[in-house]
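Student: task: produce atomic coordinates for the following.
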Amino acid sequence: DIQSVVAVEPNQFLYPKLKAAAAATATAGAPFVTTLFLGTLEDYVTAHPGQANQFDFVVCTLVLCSVGNQDEVIRSVHNLLRPGGSFVYLEHVLADDGILRVVQQAVNPAWHAVTGCNADRHTAAAIAASPFARADTAAFDAKGPWLVRPHILGRATRE
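Tutor: All right, here's what the predicted structure looks like:
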């Protein structure tokens, strides 16, 4: 049974939507408490020391492209999880090869300056090299801008 949900949203423009969704969930009689945090995962970890081994699941959707140190954030997620906990992720990533990969790497500085995210992250490799015991990742092309169509969806488990 879910007892609580902590939602961390770094985007100040999306935060009101998150807040409205949490309120609607509470109004609908959800049997859990929702805590909202406006800031990055790094900010949350800093503001809430002693949270290691506290979570059964951490879910990141289109987050790891925009964090400063992806490896550090993945380690933080690992530390937040209880043994047996799962990290579920959906991220856009660097193309495996071809012209798209070359374009992603060439335009990434400008893309990052405009959007705040990186189009050239090796996220699957970073998760595979992390302390997680197991990571099952599937690659697919999503709809949307050509530059960020390559995506991964996966689940990593902490021992």
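Student: following the helix or strand encompassing E42, which helix or strand shows up next?
Tutor: If you go by DSSP states H and E, E42 is part of helix 41-47. Tracing the chain C-terminally past helix 41-47 and defining elements by DSSP H and E, one meets strand 55-61 next.
Student: sorry, back to before: may I see the buried residues of the helix holding E42?
Tutor: Of all the residues in helix 41-47, those buried under the rule 16 or more other Cβ atoms under 10 Å are L41, E42, Y44, V45. C-betas here are computed from N, CA, C, even on glycine.
Student: reformat these as a markdown table; add distance to P131.
Tutor: Shown next, in a markdown table, are the buried residues of helix 41-47 (distance: Cβ to Cβ, whole Å):
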| residue | distance to P131 |
| --- | --- |
| L41 | 16 |
| E42 | 17 |
| Y44 | 19 |
| V45 | 16 |
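Student: tell me which two of those residues sit farthest apart.
Tutor: E42 and Y44 (7.3 Å; Cβ to Cβ).
Student: what does the longest strand along the chain contact?
Tutor: As assigned by DSSP state E, the longest strand anywhere in the chain is strand 81-92. Contacts to strand 81-92, defined as Cβ atoms under 8 Å, 6 or more residues apart in numbering, come from residues 53-65, 74, 77-78, 117, 119, 121, 123, 127, 132, 142, 148-159.
Student: so what's the gap between that strand and the chain middle?
Tutor: 9 Å (Cα atoms, centre = their mean, to the nearest Å).
Student: state the mean pLDDT of that strand.
Tutor: Per-region confidence: strand 81-92 scores 96 on mean pLDDT.
Student: equivalent analysis for stretch 137-144, please.
Tutor: 96.
Student: same thing with stretch 15-24?
Tutor: The average pLDDT within stretch 15-24 is 92.
Student: mind listing what's buried along that stretch?
Tutor: Residues of stretch 15-24 classed as buried by neighbour count (16+ other Cβ under 10 Å): Y15, L18, A22.
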